[in-house]
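Participant: dropping the sequence and predicted coords here.
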Amino acid sequence: MIDLDPTTLGLEFGGGAAIGGIIGFAAKKIAKLLAIIVGVQLMLFRYLESQGILFVDWNRLSAGLLKTQQRAQGAADVHWIQSIVSTLSIGAGFTGGFLVGFKRG
C-alpha cells in the first residue's frame, strides 16, 4: 500500500521552494565569479600543457564521471510510486524557488 500524506508532501514542497529560493539567489550572485575562475583555470591548464610544463589526462578525468554514473544506476529500488511522488514534490518546489530566487537576485 502506498502511504502518501498530503501534509508531508506540502512540507516537502515548501521546504524545497525555500531552499531553492535561497540557492537561486546565491547562485546568481556568484555564478559570474565562478565562471571566470573556471575559465582562467582551464586556460592556465591548456597553456601549461602547450608549453610542456603540465600534462592533463582528460580521458582519465572524464572516466571517473562515467564510473560514478554506473554506480548510481545500480542503486537499490524502493517503492517507485512513493519515490517519484516524493521526488516530484521536492523537485518542483526547489525548481520554482530557485527560479524566483535567481530572477530576484
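Facilitator: Yep, it's here. Numbering: from 1, shown residues only.

Participant: CA only for contacts and neighbour counts going forward, please
Facilitator: Will do.

Participant: contact partners for residue 17?
Facilitator: Residues counted as contacts of residue 17 (CA atoms under 8 Å, 6 or more residues apart in numbering) are 90, 92-98.

Participant: and it, what element?
Facilitator: Assigned by DSSP states H and E, residue 17 belongs to helix 6-50.

Participant: state the mean pLDDT of that helix.
Facilitator: Average pLDDT, helix 6-50: 82.

Participant: sorry, back to before: name the nearest of the contacts of residue 17 relative to residue 29.
Facilitator: Nearest to residue 29 among these: residue 98, at 12.8 Å, using CA to CA.

Participant: just checking, the closest one touches residue 28?
Facilitator: No - using CA atoms under 8 Å, residue 98 is not in contact with residue 28, being 9.9 Å away.

Participant: neighbour count winner among these two?
Facilitator: Comparing residue 98 with residue 28 by other CA atoms under 10 Å, the one with more neighbours is residue 98, at 25 against 16.

Participant: what strand or helix carries that one?
Facilitator: With DSSP H and E as the criterion, residue 98 is inside helix 80-104.

Participant: distance of residue 95 from residue 12?
Facilitator: 12 Å (CA to CA, to the nearest Å).

Participant: and residue 26, by the same measure?
Facilitator: Distance from residue 26 to residue 12, by CA to CA: 21 Å.

Participant: neighbour count winner among those two?
Facilitator: residue 12 (21 against 15).

Participant: from residue 21, how far out is the more buried one?
Facilitator: For residue 12, the distance to residue 21 - CA to CA - is 14 Å.
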